[in-house]
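**Q** missing the sequence, but the structure's below:
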C-alpha cells in the first residue's frame, strides 16, 4: 500500500520504531522509579509522590499481592478516580505480573458486576465513596479480596480538610462494611515487608483488560498486552520526544482508568515527568486554581474540557509561558475552540486519534503544526487503510471505514472469539468503526462513527456535519444529531441542542441549518435540552439520545 503519510513526517521521525526499545510495563515502571527517584512523579492537591516513594509503596503492594496468593495473570480491578493511590496500585500490580481491569467508579452496581464477572477479577481496589455499589453484588463475583481507600489517605492534613469541597460529585454516605475480605489500603502500604519476588513478564502477557464504552453493544474487554502498550509508548516517544525530552510537568484531567490518560501517564513516566492529577475536572474554578500553581508544559483533554476552561474567566489569567503542547483526543475539537485556545494560551491544539483496541494512539498531528481539522498522521510502524464494506481499499479522498494495523493493536476481545474475528479483516487489519478519509498528504480525517450514520431515504448523513452547522448558530452552545425511525424515509435527522440563553426557537434552528445543508440533512425536529448526556471524558453520547427516543416506539407507544 502507498504510505503517503511518511512524506509529511517531521524531520527526524522514523517510519518504524526500534522494536528493541519496547519493554514490559513492569520494566518501564521499575526503570523509571530507579532513574528518577528524587523527582516528583505524581502530584495531587499539593501533595507530591516522588518516583522513589512510588517504588517503595508499589513494591509493598506487589509483595502483599503475592503473600495473598495472587499470581501472574490474575485480574485486579482498580475502581479509583485520579488520586495518588492509583499509580501506586497500577505499578504494584504490574510488578506482581497481574492483569489490570480499569473500571469507571461511576458505573452502576449492575454495570460493575458485569465487568467484574466478565473479567474474572479476584481482587478489587476501590475508593470508599463507591464501596456501597460493590457490597450488594460482590457475592456474585469471583472477588476474594477487597482493598478500600479514602480520598485523603495520601494527602497532607490541611488538604484532607479541603478534599470534600474539591470533590463534590464524589461525596457519598459510606455504609458499614460486612465483607470479611476487606482490608484498608493504608494498612497494606504501612506494613513493612520484603521486596516482591521477581516475576518474569513478557511482551505477550496481558497487561490490561480495557472495557470499551459499550457504544456498540455489550461492553467488551480489549486484551492489551505489555507489548501492545509498550509499543505505543515507544511510538509516542518517536513522535514527540524531541519536543518534550526534558522532564517537566503535565496535567491529567482525563480519568486514569481511560486508555488515553493511562497510556500518557506511562509514556511520561518513561520520560521522568511530573503528573498533576485533577480529581474533579468539572469543578472548573478549582481546576484553574490548581494549574495556576504549577509550570504546566503539557495538557491532555477533550473538546468539552477545552470549551469549559475557555468559558471560565480565571483561565485567561493563567501563566501559559511553559505550555508546549495541548493534546486533544477522544472527540473532534471544534475549529472555533481550537482558535480560541490558541488566542488565550498561545498554544496550538494538537489533535490525535486512537481507540481502546489500539492502546490507544493511531494518529497524531505533528507537534506545533497548524490546526487543520485532521486527527493527524499514522504514527511510526502504524498503517491506516480506508476500506468499503467488502474490505476493498478506496481511493485517497474517498470515505470508508478506517482500518488499522500495527504493534499496538490488541490481541483480542477477552473471551469473545466470534466478536474478535468479526472485528478484523484478513492480515490483522482492525476495523475501527470510524468513517473517514486520507488526503493526498496522508492526513486522516474522521467524518463519523459508522454506527452513528443516519440513513435518510438511502442518503447517508453524518451527524458531525449537522452538528458543525448547528453550533454556528449564535444561540446554541452544544448540539447532537441522531437518526430516528420514520415510516416514510426510514430515518430522519433529529437535533438535540443546549441553548446559550432561554429563548431559542426550534424553527429558527431548522432555518439556520437549511442555509448550509442539503435538504435531506436538515433536521426535521429540534429538541431543546438543558444538557446532553456525556461519557466520563466528556464525549457526547448520541446513543443515549437515540435509545431514549426510540424506547417508547419499541414498547408500542408514541415517540417523544
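**A** Nice, I can see it. Computed from a predicted model, the values in this text were never measured in an experiment.
**Q** residue ranges of the strands in the stretch 1-150 of the chain, please?
**A** Counting by DSSP state E, counting those that start in this stretch, residue ranges of the strands within the stretch 1-150 of the chain are 40-44, 47-50, 75-79, 99-102, 123-127, 145-149.
**Q** Reformat those as CSV; add mean pLDDT, mean neighbour count and distance to residue 410.
**A** The C-beta positions use only the backbone N, C-alpha and C, and glycine is treated the same way. Compiled in CSV, the strands of the stretch 1-150 of the chain are given as follows (pLDDT from 0 to 100; neighbours: other Cβ atoms under 10 Å; distance: least, Cβ to Cβ, whole Å):
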stretch, mean pLDDT, mean neighbour count, distance to residue 410
strand 40-44, 97, 24, 27
strand 47-50, 96, 18, 30
strand 75-79, 98, 25, 16
strand 99-102, 98, 25, 13
strand 123-127, 97, 24, 23
strand 145-149, 95, 22, 28
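**Q** Now distance to residue 327 too, for those, in JSON lines please.
**A** Compiled in JSON lines, these are given as follows (distance: least, Cβ to Cβ, whole Å):
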{"stretch": "strand 40-44", "distance to residue 327": "18"}
{"stretch": "strand 47-50", "distance to residue 327": "23"}
{"stretch": "strand 75-79", "distance to residue 327": "23"}
{"stretch": "strand 99-102", "distance to residue 327": "20"}
{"stretch": "strand 123-127", "distance to residue 327": "27"}
{"stretch": "strand 145-149", "distance to residue 327": "29"}
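**Q** out of those, nearest to residue 411?
**A** Nearest of the strands of the stretch 1-150 of the chain to residue 411, taken as Cβ to Cβ: strand 99-102 at 12.1 Å.
**Q** residues touching the residue lying farthest from the centre of the chain, list them.
**A** If you look at how far each residue of the chain sits from its centre, by Cα atoms, centre = their mean, the farthest one is residue 488, at 38.8 Å. Listed by Cβ atoms under 8 Å, 6 or more residues apart in numbering, the contact set of residue 488 is empty.
**Q** Rounded mean pLDDT for stretch 524-537, please.
**A** For stretch 524-537, mean pLDDT is 92.
**Q** show me what contacts residue 472?
**A** When contacts are counted by Cβ under 8 Å, 6+ apart, residue 472 touches 512, 516.
**Q** and it, what element?
**A** In the assignment (DSSP states H and E), residue 472 maps to no helix and no strand.
**Q** Just the pLDDT for it.
**A** As summarised for this prediction, residue 472 has a pLDDT of 94.
**Q** ditto for residue 215
**A** The model's pLDDT for residue 215 equals 36.
**Q** go on, residue 464?
**A** pLDDT recorded at residue 464 is 86.
**Q** So it belongs to a helix, correct?
**A** Yes. The secondary structure assignment for residue 464 places it in a helix, going by DSSP: H, G, I helix; E, B strand; the rest coil.
**Q** Thought residue 454 was touching it, still the case?
**A** No. Assessed by Cβ atoms under 8 Å, residue 464 is found out of contact with residue 454, at 10.9 Å.
**Q** out of these two, which sits in the busier spot?
**A** Each of residue 464 and residue 454 has its neighbours counted (other Cβ atoms under 10 Å); residue 454 has more, 24 against 18.
**Q** contacting residues for that one?
**A** Applying Cβ under 8 Å, 6+ apart, we find residue 454 in contact with 460-463, 481-483, 491, 493.
**Q** what's the distance between the residue farthest from the centre of the chain and residue 30?
**A** Shown here: residue 488 relative to residue 30, a distance of 63 Å by Cβ to Cβ, to the nearest Å.
**Q** same deal with residue 477?
**A** 47 Å.
**Q** Got phi/psi on residue 318?
**A** Per-residue torsions, residue 318: phi -70, psi 140 (degrees, to the nearest 10).
**Q** so what's it closest to, chain neighbours aside?
**A** The shortest distance from residue 318 to any residue other than its chain neighbours is 5.2 Å, reached at residue 292 (Cβ to Cβ, 6 or more residues apart in numbering).
**Q** Point out where this structure drops to low pLDDT.
**A** Low-confidence segments of the chain, defined by pLDDT under 70, span residues 156-180, 213-217, 458, 550-560.
**Q** what touches both of residue 464 and residue 454?
**A** residue 481.
**Q** before we move on, the earlier item: any chance of a PyMOL selection covering the buried ones in the contacts of residue 454?
**A** If you want just the buried ones from the contacts of residue 454 in PyMOL, going by 16 or more other Cβ atoms under 10 Å, the selection is:
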select buried, resi 461+462+463+481+482+483+491+493
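**Q** From the contacts of residue 454, pick the one nearest residue 507.
**A** residue 493 (15.2 Å).
**Q** burial of the nearest residue to that closest one once chain neighbours are set aside, as a residue count?
**A** Ranked by Cβ to Cβ, 6+ apart and with sequence neighbours excluded, the top spatial neighbour of residue 493 is residue 523, at 4.7 Å. Other residues near residue 523 number 26, with proximity taken as other Cβ under 10 Å.
**Q** Okay, and residue 523 sits in which element?
**A** Under the criterion of DSSP H and E, residue 523 resides outside all helices and strands.
**Q** That one contacts residue 496, doesn't it?
**A** No. With contact defined as Cβ under 8 Å, residue 523 does not reach residue 496; the gap is 9.4 Å.
**Q** Find the residues that touch each one of those two.
**A** Taking Cβ under 8 Å, 6+ apart as the criterion, residue 523 and residue 496 both touch residue 481.
**Q** picking up where we left off before, test my guess that the residue nearest to residue 318 contacts residue 316.
**A** No. The criterion here is Cβ under 8 Å, and residue 292 misses it with residue 316 at 11.4 Å.
**Q** Roughly how far does the residue nearest to residue 318 sit from residue 81?
**A** Where residue 81 is concerned, residue 292 sits at a distance of 21 Å (Cβ to Cβ).
**Q** try residue 413
**A** Plainly put, residue 413 is 26 Å away from residue 81 if you go by Cβ to Cβ.
**Q** mind checking the longest helix of the protein?
**A** The longest helix of the chain (DSSP state H) is helix 51-67.
**Q** Touching it from outside, list them.
**A** Contact with helix 51-67 is made by 29-30, 32-42, 49, 76, 87-93, 95-96, 98, 123, 188-189, 191-197, 272, as judged by Cβ under 8 Å, 6+ apart.
**Q** can you pull the buried residues of it?
**A** Residues of helix 51-67 classed as buried: 51, 53-55, 57-66 (neighbour count, 16+ other Cβ under 10 Å).
**Q** All set, thanks.
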